[in-house]
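Asker: This is a predicted model, with the sequence first.
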Amino acid sequence: MSNTCDAAVIGGGFYGLYLAEALAARVNRVILFESGAELMLRASYSNQARVHNGYHYPRSILTALRSRVNFPRFVDEFRPAIDSTFEKIYAIGRRDSKVSAEQFCRSMRVIGASVEPVSKSIWKLFDPAYIEAAFLTREYAFNALILRELMAERVHRAGVEIQLKSTVKSVHQVSGDVVELCIESPSGTETVTAAQVFCCGYSQLNSPGMGGGLPLVPLKHELVEMALVEVPEQLRGLGVTVMDGPFFSLMPFPARQLHTLSHVRYTPHAHWYDGNDKQFQPAYGIFDRAEKKTAFPHMIRDAARYLPLVADCTYCDSLWEVKTILPRSEADDSRPILFRPHFGLKNYHLVMGGKIDNIYDISEEIDRVIK
Ligand SMILES: Cc1cc2nc3c(=O)[nH]c(=O)nc-3n(C[C@H](O)[C@H](O)[C@H](O)COP(=O)(O)OP(=O)(O)OC[C@H]3O[C@@H](n4cnc5c(N)ncnc54)[C@H](O)[C@@H]3O)c2cc1C
């Protein structure tokens, strides 16, 4: 088989797969390289499974608005993976919250998102000493395993060639505008040349470029833990997020038929930045070496102050992952896309979406690169 293709995609997460399918509709041969033994088992699996509809971003109206626009499209496109069978509650912390209930409602009015006061029976679940108000909203969860099946089927149908257990170690420019990828797999090292290369490595976004001596895109990484819990009967049909500060979320995680419990203070176990070439270390290396001792007892103790029934959750397991954001998102908790066309090399493009539904914002950018 020839080692030349029209487009190469680095990373078999949701972004890489979605992009590979879109590319296959435009050019002849598309190859996708994935380090792992399976597709979509890194951040695209280990996340909170929230299909954002704007509620989470009262301090970043642009992110909230983009979520509102992308929500119906995502729900429609991936319907078999969508879980809409629960009631989603956003509650506002009485102390230490960066938004008041009034500010939250005002932001939601700006983006046209519905908020209703919760019923008396739901309000009674909260401790009013800690919670100022609680709202019934419209937000869903996705089943990451079904999403994975849907995407695997789509790339297969589109004719994308998938190479698993294949890590792109470096990228270089060769003859004119062509990019050469150096790939390591169990069968050895190979090189492939591509007319266009899209790197969708998420927390590893900088790694292939670093291997080729390219500059770094500044990124912030966190080693994160979400506890997987079985919730007590009264919380079964609910998702609860307490906004907007050092609080927590209890979200259905349909892929395991459990809930994830994440806590702004205890979910991150460590953080570091890509931004200094000399100190660069691939995120997965740091992740693999890190000690993973659960912070579940801290999460539950704090969350139960706001929602006492949380104390009756049964701990099952933890999902560990590297969460990556743009450093500028630290201030307003925004989740913009990162798209850097021709980054250090002609036809080498970096792609990262801070959340799953941002894929539509990326797609528009890709159309500009590949006509
Ligand atoms: C804890 C957490 C909670 C989150 N919660 C939500 C949420 O509720 N809702 C939401 O919309 N978003 C959420 N997100 C964000 C969302 O998960 C990401 O935006 C999305 O999964 C990114 O997809 P991706 O394909 O870019 O990354 P990934 O799924 O991580 O895929 C990257 C792939 O690239 C591969 N790879 C990396 N480097 C190489 C290389 N050099 N060669 C070959 N392969 C390589 C990896 O093995 C991996 O499979 C959350 C993220 C985290 C971590």
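Answerer: In hand now; what should we look at? Numbering: from 1, shown residues only.

Asker: Y348 is in contact with H342, correct?
Answerer: Yes: judged on C-beta atoms under 8 Å, H342 makes contact with Y348 at a distance of 6.7 Å. Just so you know, the C-beta spots here come from the backbone N, C-alpha and C atoms, and that holds for glycine as well.

Asker: Look at those two and report which has more neighbours.
Answerer: Y348 (27 against 12; other C-beta atoms under 10 Å).

Asker: from what I can see the more buried one touches C199, true?
Answerer: Yes: checked against C-beta under 8 Å, the pair Y348 and C199 is within contact range at 7.1 Å.

Asker: Mind listing the shared neighbours of those two?
Answerer: Residues touching both Y348 and C199 (C-beta atoms under 8 Å, 6 or more residues apart in numbering): 171, 209.

Asker: what's the pLDDT at S329?
Answerer: At S329, the model reports a pLDDT of 88.

Asker: Can we start the residue count at 54 from this point?
Answerer: Shifting the count to begin at 54 puts that one at S382.

Asker: Excluding sequence neighbours, find me the nearest residue to the residue in the stretch 54-203 of the chain that the ligand sits nearest to.
Answerer: Nearest residue of the stretch 54-203 of the chain to the ligand, counting by C-beta to the nearest ligand atom: G66, 2.0 Å away. Leaving aside its sequence neighbours, G66 sits nearest to S97 (C-beta to C-beta, 6 or more residues apart in numbering; 4.2 Å).

Asker: which SSE is that neighbour in?
Answerer: Taking DSSP states H and E as the criterion, no element holds S97; it sits outside all helices and strands.

Asker: Tell me how far it lies from H312.
Answerer: From S97 across to H312, the span is 19 Å (C-beta to C-beta, to the nearest Å).

Asker: For these two, work out which one has more neighbours and name it.
Answerer: Between S97 and H312, counted using other C-beta under 10 Å, the more crowded position is H312 (29 against 23).

Asker: so who does that one touch?
Answerer: Contacts of H312 (C-beta under 8 Å, 6+ apart): 281-284, 288, 292, 303-306, 366.

Asker: Ok, G254 next?
Answerer: 63-64, 260-261.

Asker: how about it, phi and psi?
Answerer: phi -90, psi 0 (degrees, to the nearest 10).

Asker: and it, what pLDDT?
Answerer: On pLDDT, G254 comes in at 98.

Asker: neighbours around the residue nearest to M161 when sequence neighbours are not counted, how many?
Answerer: Sequence neighbours aside, V168 is the residue nearest to M161 in space, at 4.9 Å (criterion: C-beta to C-beta, 6+ apart). Look at V168: counted by other C-beta under 10 Å, it has 19 neighbours.

Asker: And for L403?
Answerer: 23.

Asker: related to what we said a few turns ago, quick one: buried ones out of the contacts of H312?
Answerer: 281-282, 284, 288, 292, 303-306, 366 (16 or more other C-beta atoms under 10 Å).

Asker: How is this structure partitioned into domains?
Answerer: Split into domains by automatic domain parsing, the chain comes to 54-102+196-269+381-424, 138-192+272-378.

Asker: Adding distance to R121, write those domains out as a markdown table.
Answerer: Formatted as a markdown table, those follow (distance: least, C-beta to C-beta, whole Å):
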| stretch | distance to R121 |
| --- | --- |
| domain 54-102+196-269+381-424 | 10 |
| domain 138-192+272-378 | 5 |
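
Asker: picking up where we left off before, tell me the contacts of the residue nearest to G66?
Answerer: 66-68, 197, 200-201, 409.

Asker: just the helices in this protein please.
Answerer: 67-77, 114-130, 154-164, 173-176, 197-211, 260-264, 336-342, 349-359, 382-385, 412-422 (DSSP state H).

Asker: elements contacting the last one?
Answerer: Contacts of helix 412-422 with other secondary structure elements, assessed using 3 or more C-beta pairs under 8 Å, 6 or more residues apart in numbering; DSSP states H and E, are made with helix 67-77, helix 114-130, strand 390-393, strand 401-406.

Asker: Let me have these in TSV, adding distance to S172 as columns.
Answerer: Converted to TSV, the helices and strands packed on helix 412-422 look like this (distance: least, C-beta to C-beta, whole Å):
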stretch	distance to S172
helix 67-77	35
helix 114-130	24
strand 390-393	37
strand 401-406	35
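
Asker: Relative to G265, which of those is closest?
Answerer: Smallest distance to G265 across the helices and strands packed on helix 412-422 (C-beta to C-beta): 8.4 Å, for strand 401-406.

Asker: Do you know the pLDDT at the nearest residue to F67 once chain neighbours are set aside?
Answerer: In this structure, F67 finds its nearest non-sequential neighbour in S97, 4.1 Å apart by C-beta to C-beta, 6+ apart. What the model reports as pLDDT for S97 is 98.

Asker: Could I get the phi/psi values of S97?
Answerer: phi -70, psi -10.

Asker: how close does it get to G64?
Answerer: For S97, the distance to G64 (C-beta to C-beta) stands at 10 Å.

Asker: Check T367 too.
Answerer: With C-beta to C-beta as the criterion, T367 and G64 are 35 Å apart.

Asker: what do you get for R191?
Answerer: Taken as C-beta to C-beta, the span from R191 to G64 is 31 Å.

Asker: Compare these two (neighbour count), which wins?
Answerer: Shown here are R191 and G64; by other C-beta under 10 Å, G64 has more neighbours (31 against 15).

Asker: Please state the backbone phi and psi of the more buried one?
Answerer: Dihedral angles (degrees, to the nearest 10) for G64: phi 110, psi 120.
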